[in-house]
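> The following comprises the amino acid sequence and a computationally predicted model.
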Amino acid sequence: MFRQGCSAFRVITPNIDEEAAMMEDVGMQDVHFNEEVLMELLEECADGLWKAERYELISDIYRLIIPIYEQRRDFEKLAHLYDTLHRAYTKVMEVMHSGKRLLGTFFRVAFFGQGFFEDEDGKEYIYKEPKFTPLSEISQRLLKLYSDKFGQENVKMIQDSGRVNPKDLEAKFAYIQVTHVTPYLEEKELEERRTDFERSHNIRRFVFETPFTGSGKRHGGVDEQCKRRTVLTTTHCFPYVKKRIAVMYQHHTDLSPIEVAIDEMSSKVAELKALCAAAEVDMIRLQLKLQGSISVQVNAGPLAYARAFLDDACAKKYPDNKVKQLKEVFRQFVEACGQALGVNERLIKEDQHEYHDEMKASYRDLARELSLIMHEQISTVENGTKSSLSDSLHIFNAISGTPSGSALHSLPSSASSV
């Protein structure tokens, strides 16, 4: 009747391999299971996917059902299925345009305390919570759950996300550490998983970052701020039949201060590009992101990174390839800011033109400052095209003794004076 078995559902979830490996339940022999029951269960599954807002998967279920109804010449059922598919794809377009579908929030939860958690002591899990669940909500819920179990006076929450040394903990308490994590995908996976849904479905790797400095403090100046990136891998993929999955192993990567700058600036570029490429531009987010990016007064902003790592006196302290990489990211950043300003100018209302002109002036100031720091002409993007900043080039020439702009343009894009 249905020879593919469990493997037919692997396109929906790789967790199905676990089901296929299970021994057949002897009790199932007493259940009358036929083609009609299978059809009912598959349609029930499709209804569940609709309620879970996972519209993209409904077609995978219907591909199993449609051939059977076609063989039966059940055109009424087929019409119903294709109508549902039409509505499902319409829903996909709606949520992709609005960006308002939330497929869950993830947290790493670690337990410490042999006397309380026994076999669970030192174990980590990834919890999947509905839609947008704040860290405070799941922390309070777990605190109440285990306080009711062990006694309120015996349970403590670990407030930071850093590494925990069990030797530093008191044996008389049960400790719970909760950390917000996000799905982790490598560059190749990001290219293959192009939609938000694909990047939130069938995921088993998660990431969180912990700031630290060489002096032992959590936070410091941009030239001493490091961060540890931790990638966790779970035993199964989300979504799963359980709301938590055990962490199988973890990998740590420490980023040096200049690598933190490269990472942070690359994220800013990606965020600006994503905001500009959205079908429905979120103007509030776009303007907030722009304002924080182009203001030359923001000490902790992009210019702080440029001054700390690209200024002549500082750049010599860092690896040449990292300095060149950061310079390239800054070029991309200026271009992304220009494109974002173009989108803003196209969509703003009449009463916001003065505000836009102020941002435009700040953008030009930013490019001039970067031109001086990087010893090259940083071109702004205005009205969709790059334009040279003659003033900054003039200042650069005066300082460096460069005879003309043509000499500057002849440098390759990766060239730098450090």
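Yes, it's here.

> list the helices and strands the longest strand seen in the chain packs on?
Of all segments of type strand in the chain, defined using DSSP state E, the longest is strand 225-238. The contact analysis (3 or more C-beta pairs under 8 Å, 6 or more residues apart in numbering; DSSP states H and E) places strand 225-238 against strand 124-129, strand 203-213, strand 244-255, helix 257-277. For glycine as for every other residue, the C-beta is placed from the backbone atoms N, C-alpha and C.

> Is residue 318 in a helix, a strand, or coil?
The assignment at residue 318 comes out as coil when based on DSSP: H, G, I helix; E, B strand; the rest coil.

> Flag the shaky bits of this protein, pLDDT-wise.
Within the chain, the segments meeting pLDDT under 70 span 1-3, 20-31, 296-300, 383-418.

> Let me see the ranges of the strands in it.
Assigned strands in the chain, in chain order: 105-112, 124-129, 155-158, 174-183, 203-213, 225-238, 244-255, 380-382, 385-387 (criterion: DSSP E).

> Any chance of those in a markdown table with distance to residue 39 and mean neighbour count as columns?
What follows is the strands of the chain, written out as a markdown table (distance: least, C-beta to C-beta, whole Å; neighbours: other C-beta atoms under 10 Å):
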| stretch | distance to residue 39 | mean neighbour count |
| --- | --- | --- |
| strand 105-112 | 35 | 21 |
| strand 124-129 | 30 | 20 |
| strand 155-158 | 49 | 16 |
| strand 174-183 | 34 | 20 |
| strand 203-213 | 30 | 19 |
| strand 225-238 | 27 | 18 |
| strand 244-255 | 31 | 14 |
| strand 380-382 | 56 | 18 |
| strand 385-387 | 58 | 12 |
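
> Note down every partner strand of the longest strand of the chain and its orientation.
strand 203-213 (antiparallel), strand 244-255 (antiparallel) (DSSP bridges).

> which residues sit against the shortest one?
By C-beta atoms under 8 Å, 6 or more residues apart in numbering, the list of residues contacting strand 203-213 from outside reads 106, 108, 126, 160-163, 179-185, 218-220, 224-238, 245.

> same deal with stretch 341-359?
275-276, 281, 283, 286-287, 290-291, 294, 360, 363, 381-384.

> Let's see which of those residues end up in helices.
275, 276, 283, 286, 287, 290, 291, 294, 360, 363 (DSSP state H).

> Quick one: residues contacting the last one.
So the one you mean is residue 363. 294, 337, 338, 341, 380.

> Let's see that with 6 Å instead.
Listed by C-beta atoms under 6 Å, 6 or more residues apart in numbering, the contact set of residue 363 reads 294, 337, 341.

> distance of it from residue 55?
Computed as C-beta to C-beta, to the nearest Å, the residue 363 to residue 55 distance reads 40 Å.

> thinking again about what came up before, looking at the contacts of stretch 341-359, state which has the most neighbours.
Of all these, residue 294 has the most neighbours under the rule other C-beta atoms under 10 Å, reaching 26 neighbours.

> related to what we said a few turns ago, now render the strands paired with strand 225-238 as a markdown table, adding distance to residue 96.
As requested, these are arranged in a markdown table below (distance: least, C-beta to C-beta, whole Å):
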| stretch | distance to residue 96 |
| --- | --- |
| strand 203-213 | 19 |
| strand 244-255 | 27 |
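
> if we can go back for a sec, figure out which of the strands of the chain is closest to residue 36.
strand 225-238 (30.9 Å; C-beta to C-beta).

> How far away from the center of its chain is that closest one?
Centroid separation for strand 225-238 versus its chain: 12 Å, with C-alpha atoms, centre = their mean, to the nearest Å.

> swap in stretch 305-314?
With C-alpha atoms, centre = their mean, you get 29 Å for stretch 305-314.

> Touching that stretch from outside, list them.
So stretch 305-314 is in contact with 222, 223, 258, 261, 326, 370, 373, 374, going by C-beta under 6 Å, 6+ apart.

> try 10 Å this time
With contacts defined as C-beta atoms under 10 Å, 6 or more residues apart in numbering, stretch 305-314 is touched by 221-225, 257-258, 260-262, 264-265, 268, 299, 303, 315, 317-318, 322-323, 326-327, 329-330, 333, 366, 369-370, 372-375, 416-418.

> Write a ChimeraX command that selects only the buried members of those residues.
Buried members of the contacts of stretch 305-314, defined by 16 or more other C-beta atoms under 10 Å, are picked up in ChimeraX with:
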select :222,223,224,225,257,258,260,261,262,264,265,268,303,315,318,322,323,326,327,329,330,333,366,369,370,372,373,374,375,416,418
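
> Roughly how far does residue 372 sit from residue 311?
From residue 372 across to residue 311, the span is 9 Å (C-beta to C-beta).

> can you check residue 281 too?
35 Å.

> before we move on, the earlier item: let me have the ones in helices among the contacts of stretch 341-359 in JSON lines, adding distance to residue 348 as columns.
Compiled in JSON lines, the ones in helices among the contacts of stretch 341-359 are given as follows (distance: C-beta to C-beta, whole Å):
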{"residue": "275", "distance to residue 348": "14"}
{"residue": "276", "distance to residue 348": "14"}
{"residue": "283", "distance to residue 348": "8"}
{"residue": "286", "distance to residue 348": "10"}
{"residue": "287", "distance to residue 348": "9"}
{"residue": "290", "distance to residue 348": "11"}
{"residue": "291", "distance to residue 348": "13"}
{"residue": "294", "distance to residue 348": "16"}
{"residue": "360", "distance to residue 348": "12"}
{"residue": "363", "distance to residue 348": "15"}
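
> For residue 147, state which of the residues you listed is nearest.
Nearest member of the ones in helices among the contacts of stretch 341-359 to residue 147, counting by C-beta to C-beta, is residue 275, at 42.3 Å.

> And for residue 241, the neighbour number?
10.

> Report the contact partners of it.
If you count contacts by C-beta under 10 Å, 6+ apart, residue 241 has them with 13, 15, 18, 19.

> cutoff 8 Å now
residue 15.

> Going forward, count from 15.
In the new count, where the first residue is 15, that last one comes out as residue 255.

> Distance of it relative to residue 218?
Distance of residue 255 to residue 218, given as C-beta to C-beta: 14 Å.

> That concludes my questions; thank you for your assistance.
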